[in-house]
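Chemist: Here's a sequence, model it:
(one chain, ligands or ions: 1)
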Amino acid sequence: MFLACRRLPKVELHAHLNGSVRPQTIRKILEERSRAGEALPVTEQQLQDITACGDRSLADCFRLFDLIHVITTTHSAIARIAAEVVRDFAEDRVVYLELRTTPKARPEYDMTKQSYIEAVLEGIELGLRQLPAAADATAAANAANADEAPPAPAPADIIAVKLLLSIDRREDSAAALETVQLAARYKARGVVGVDLSGNPYVGSWGQWREALAAARAAGLGVTLHAGEVYSPAETARMLEFRPDRLGHCCYLDDSLAAELRASVAIPLELCLTSNVLTQSVTSYPEHHFAEMYAAGHPVVLCTDDSGVFGTTLSKEYAIAAAAFKLPLGALWELARRSVEFVFGGEEEKRRLRGLMDRERPLML
Ligand code: 6MZ
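Modeler: The predicted structure is shown next:
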C-alpha cells in the first residue's frame, strides 16, 4: 500500500517550512557554521532532540521550533531549506503544495519580514529549477542543437507551489497586520493565503481577528489552527469567523463538533502523525479523521512538520489506509477531493482535477 500511496498524485495543504526541514540539513548548517568559526547555538543534546523525529509533547515541539529557528537564521539557510522542501514533496509525488511559514523580522541578522519572504520565494524557485525533469529539460534546451530538444516539462507539471504566510500566536495585532499586508502585496508571486499558528497556549483570538479579517478582505484564503488543545471558547470564536479551512481540531466538545459537522462544511487539514506523536490524539484508529470522514465532512490529509515528525504525505495516506481500512480507491477520492480546497484559484483547481482524472486509470 505504501508504494501505491507514493505513486498517488497528492495535494499538501498544511506543511510548515521550518518544521519540514531535513534533520541532516540542520546538522549540515551547524557544521558549516562551526567551520566558519561560529560558536554553536545549540548543544549536542538539543541537536539530538531536534533530529530524533520521535514522540514529543506539544510544549516540547514549540521548544524545538525555537531551536530550529536559531539554526535557520540567514537568508541563504531559509532559501536552501525551502528549495529542499519543494524537492522532497515533489519526490513524494505531491503535485500541489501550499507551504506555510512565519515571516520573521530579525534585525540582528539583517532580516525583515519582507526579506524573509523574498528568501523563501527564491528558495521555492530554486527548488523548482532543481527538480530532476526540469533540470534535464534545462540541460537539453541549452544543448548545441537546442532546436531538436524534446519539449521541456514545465516544473509546474511536476509540482505547483504556493505560499501561505503564518501569523505566530506570539505576535501582537500590529505584527499580524504587517504579515497580512505583505501577503496581499505578494499575491502576484504566489502567496495565496494566511494561517494562524504557533503555541496554542499563547495569546488570544482578539489579537489577530482584525488582521485575519483584513486578509479575507484582500482576497486571501484564511486557515486557522484550532482546537489543538482544549480551548472551547476560542474554538467557538474561530468557527464563528468562518475561516476557509481549519487545522487539527483535535479538541472539539460535543456542541462544537456538531456545529462543525452540521452547519459549516469548513474543510479540515488533518495531520495524523503529528497529532499522535504530540499526544493530542491517543492512537491512529481513535483519530477524529474517522468520525469526520464517515460523516462526509471535507478532510485533507497533511504532514504538518515532516522533518520534526519524520513523515511524508505518502506515509500519512498509508497510515490512514491501515487505521481506517481505506482501499486505494478511497485514498484516490480523498486526494481528488483535496483539490477542491486549495487556495490557488479556479484555474489551478481545473488543472489539478484534469491531472488527477488522467491518472485515475493508471492508479486503480
Ligand atoms: C501550531 C505549529 C505546529 O513558520 O518557522 N507550527 N503551530 N501547531 C503545530 N503543531 C505541531 N507546527 C508548526 O515553521 C515553524 C512554525 O510553525 C508553527 C509554529 O509557529 C512554528 O514555530 P515556520 O516556517
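Chemist: mind checking the SS state of the residue lying closest to residue 216 once chain neighbours are set aside?
Modeler: Leaving aside its chain neighbours, residue 216 sits nearest to residue 222 (5.5 Å; criterion: CB to CB, 6 or more residues apart in numbering). Every residue, glycine included, has its C-beta placed from N, CA and C. With DSSP: H, G, I helix; E, B strand; the rest coil as the basis, residue 222 sits in strand.
Chemist: Return the set of residues that bridge with residue 222.
Modeler: Judged by DSSP bridges, the bridge partners of residue 222 are residue 194.
Chemist: what about it, neighbour count?
Modeler: For residue 222, the count of nearby residues is 22 (other CB atoms under 10 Å).
Chemist: Could you measure from it over to residue 28?
Modeler: 35 Å (CB to CB, to the nearest Å).
Chemist: on that earlier part again, doesn't residue 244 make contact with the residue nearest to residue 216?
Modeler: Yes: counting by CB atoms under 8 Å, residue 222 touches residue 244, with 5.4 Å between them.
Chemist: Find the residues that touch each one of the two.
Modeler: With contacts defined as CB atoms under 8 Å, 6 or more residues apart in numbering, the residues shared by residue 222 and residue 244 are residue 193.
Chemist: picking that back up, and the residue nearest to residue 216, what does it touch?
Modeler: 193, 194, 195, 212, 215, 216, 241, 243, 244, 245 are the contacts of residue 222 under CB under 8 Å, 6+ apart.
Chemist: Most neighbours out of the residues you listed, which is it?
Modeler: Going by other CB under 10 Å, residue 194 tops these with 31 neighbours.
Chemist: got a pLDDT number for that one?
Modeler: For residue 194, the model assigns a pLDDT of 98.
Chemist: Now do the helix or strand containing residue 196: distance to the chain's middle.
Modeler: Applying DSSP states H and E as the criterion places residue 196 in strand 191-197. On the basis of CA atoms, centre = their mean, to the nearest Å, strand 191-197 sits 10 Å off its chain's mean C-alpha point.
Chemist: Show me what that strand is in contact with.
Modeler: Outside strand 191-197, the residues that reach it (CB under 8 Å, 6+ apart) are 16, 98, 100, 102, 117, 162-169, 179-180, 182-183, 208, 211-212, 215, 220-225, 244, 247, 342-345.
Chemist: and these, which are buried?
Modeler: 16, 98, 100, 102, 117, 162-169, 179-180, 182-183, 208, 211-212, 215, 220-225, 244, 247, 342-344 (16 or more other CB atoms under 10 Å).
Chemist: Show me which residues of this protein are close to the ligand?
Modeler: 16-19, 61, 65, 101-102, 166, 168, 197-198, 225, 228, 274, 278, 304-305 (CB under 6 Å from any ligand atom).
Chemist: which ones among the contacts of residue 222 are found in helices?
Modeler: Using DSSP state H, 212, 215, 216, 241 are the members of the contacts of residue 222 that sit in helices.
Chemist: All set now, cheers.
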